[in-house]
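[1] below are the sequence and a predicted model; questions follow.
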Amino acid sequence: MVAVKLLVMAGDGIGEEITAATLQVLRAADGRFGLGLDFEEAEIGLKALARHGTTLPEGVLERARASDGIILGPISHLDYPPPEEGGVNISGVVRVQLDLYANVRPARTRPGLPAKGGSFDLVIMREATEGFYPDRNMFAGRAEFMTDPDTALSIRKITRKASERIARRSYELAMKRRGKVAVIHKANTFRLSDGLFLDAVRSVARDFPEVETEEVIVDAMAALLVREPERFDVICATNFHADILSDLASELSGSLGLAGSVNAGDALCCAQAQHGSAPDIAGQDRANPTSLILSAAMLLDWLAEKRALPACAEAARAIDQAIDAALARPETRTADLGGALGTRAFAERIAGALAG
């Protein structure tokens, strides 16, 4: 059996709890499907800051590059000191330095679980290495600054290369799904930057004549997601637009706590829950671990395709089915969804279902 090495970084707040729950589920899947999973832990975040003076200690990225995949818990970036004082934005650095450019964020309604929109199944493909994010779009320095105490400026970066490759991944995914891509933009205002993004996506679209392409302005898209989310299949967008729309879509599907997510590159993939670190409930066994568990299942799917490991795909399907079964019944949901289970009990439920 070939070992699959996963680097685990639990993060902050509820990170330790939901990461432990996710590892319990993965170990159950490993026991059933013989995946050969080998977990290695790395300390990051506020604990690493207290111990090492930085939220991302030296050597962690090298360990990540040497792994087959990464599991990253939520981080409390808002509570970090400035970067020059050790408060590295781990999500941004991981995505840029490891070139994990495709932030894949599915959102779908689930049987038996009340949704806030109609019934739908879509995937938002978010470009993750540039855009309106000042920590990841400059060679040196930050792209946000103040010219005087009352004036703050921020620079947006859009490149043809990044736009084309997120577009290509979007169209490839649409070919496996329902054959539709919605391209999100604000080119009526951001004529140069969103104009370049649109031009790049259109050039890729020509290679996929079987796929239906729809171009939607971002503010109209927010309304359409609420009004008729079932209309959409794959949604391709720049970093900032996709970040906002994916939270909206996940909440409409039932809860942001159900939102699985991976940051995928060509050679490496990182499972990361969409939601934040929720420090107000940390250590209380109240956190819903579903998002990170589903993210880990997405990582297994990525490994199945990239490493030719079909058992990983079987395990991913089994995890998703076990989550569906648990969420379909109020008594087997976590408290945030009207149930009575805590973090550990929910993980035990899913792990037990996998073990049979």
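    That came in fine, so what should we check first? Residues are numbered from 1 along each chain as shown.
[2] hmm, Trp302 and Ala313 touching each other?
    No - using Cβ atoms under 8 Å, Ala313 is not in contact with Trp302; the gap is 9.7 Å. For every residue, glycine as well, the C-beta is placed using N, CA and C.
[3] can you tell me the SS state at Val204?
    Local secondary structure at Val204 is given as helix here, using DSSP: H, G, I helix; E, B strand; the rest coil.
[4] residues near it, how many?
    Using other Cβ atoms under 10 Å, the number of residues around Val204 comes to 23.
[5] need the contact list for it.
    164, 167-168, 171 (Cβ atoms under 8 Å, 6 or more residues apart in numbering).
[6] try Asp233
    Contacts of Asp233 (Cβ under 8 Å, 6+ apart): 122-123, 174, 177-182.
[7] which strand residues bridge the closest residue in space to it that isn't next to it in sequence?
    Nearest residue to Asp233 in three dimensions, chain neighbours excluded: Lys180, at 3.8 Å (Cβ to Cβ, 6 or more residues apart in numbering). Counting by DSSP bridges, Lys180 is bridged to Glu212.
[8] distance-wise, check Lys180 relative to Tyr171.
    10 Å (Cβ to Cβ, to the nearest Å).
[9] overlap in contacts of the two?
    The contact lists of Lys180 and Tyr171 share 211, 234, where a contact means Cβ under 8 Å, 6+ apart.
[10] neighbour count: the two, which is higher?
    Ranked by neighbour count (other Cβ under 10 Å), Lys180 and Tyr171 place Tyr171 first, with 21 against 16.
[11] got the CA positions of stretch 177-191 in CSV?
    In CSV, the C-alpha atoms belonging to stretch 177-191 read as follows (Å, rounded to 0.1, in the frame of the first residue of the first chain):
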residue,chain,number,x,y,z
ARG,A,177,-21.3,18.3,-14.6
ARG,A,178,-24.2,20.0,-16.5
GLY,A,179,-22.1,21.9,-19.1
LYS,A,180,-22.7,25.5,-17.9
VAL,A,181,-20.4,28.2,-16.8
ALA,A,182,-21.4,31.6,-15.4
VAL,A,183,-18.7,34.2,-15.6
ILE,A,184,-19.0,36.9,-12.9
HIS,A,185,-17.6,40.4,-13.4
LYS,A,186,-18.1,44.1,-13.0
ALA,A,187,-16.6,45.1,-16.3
ASN,A,188,-19.1,48.0,-16.7
THR,A,189,-17.1,49.7,-13.9
PHE,A,190,-13.7,47.9,-13.7
ARG,A,191,-13.3,48.2,-17.5
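[12] what about the nearest residue to Gly342 once chain neighbours are set aside, how many neighbours?
    Excluding the flanking residues, the one nearest Gly342 by Cβ to Cβ, 6+ apart is Asp285, at 3.9 Å. When neighbours are defined as other Cβ under 10 Å, Asp285 has 16 of them.
[13] what secondary structure does Asp285 sit in?
    Asp285 ends up coil, using three-state DSSP.
[14] which ones are touching it?
    17, 342-344.
[15] most neighbours among the contacts of Asp233, which one?
    Val181 (27 neighbours).
[16] report pLDDT for that one.
    We have a pLDDT of 98 for Val181.
[17] same deal with Met221?
    98.
[18] measure it to Leu252 for me?
    Met221 is 13 Å from Leu252, by Cβ to Cβ.
[19] more neighbours: which of these two?
    A count of neighbours by other Cβ under 10 Å puts Met221 above the other of Met221 and Leu252, at 24 against 20.
[20] excluding chain neighbours, what is closest to the more buried one?
    Ile184 (5.3 Å).
[21] okay, the helix or strand containing Glu348 in PDB with CA atoms only?
    Secondary structure assignment for Glu348, by DSSP states H and E: helix 343-355. Extracted C-alpha coordinates of helix 343-355, given in PDB (Å, rounded to 0.1, in the frame of the first residue of the first chain):
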ATOM      1  CA  THR A 343     -18.700  18.300  17.700                       C
ATOM      2  CA  ARG A 344     -17.400  15.000  19.100                       C
ATOM      3  CA  ALA A 345     -20.700  13.200  18.900                       C
ATOM      4  CA  PHE A 346     -21.300  14.300  15.300                       C
ATOM      5  CA  ALA A 347     -17.800  13.100  14.300                       C
ATOM      6  CA  GLU A 348     -18.500   9.700  16.000                       C
ATOM      7  CA  ARG A 349     -21.800   9.400  14.100                       C
ATOM      8  CA  ILE A 350     -20.100   9.900  10.800                       C
ATOM      9  CA  ALA A 351     -17.100   7.700  11.600                       C
ATOM     10  CA  GLY A 352     -19.500   5.000  12.800                       C
ATOM     11  CA  ALA A 353     -21.400   5.100   9.600                       C
ATOM     12  CA  LEU A 354     -18.200   4.700   7.600                       C
ATOM     13  CA  ALA A 355     -17.100   1.800   9.700                       C
END
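[22] how close does Asp99 sit to Arg136?
    For Asp99 relative to Arg136 (Cβ to Cβ), the value is 11 Å.
[23] may I have the beta-bridge partners of the most far-flung residue of the chain relative to its centre?
    Residue farthest from the centre of the chain, counting by Cα atoms, centre = their mean, is Asp148 at 36.1 Å. Bridge pairing for Asp148 (DSSP bridges) gives the partners Thr151.
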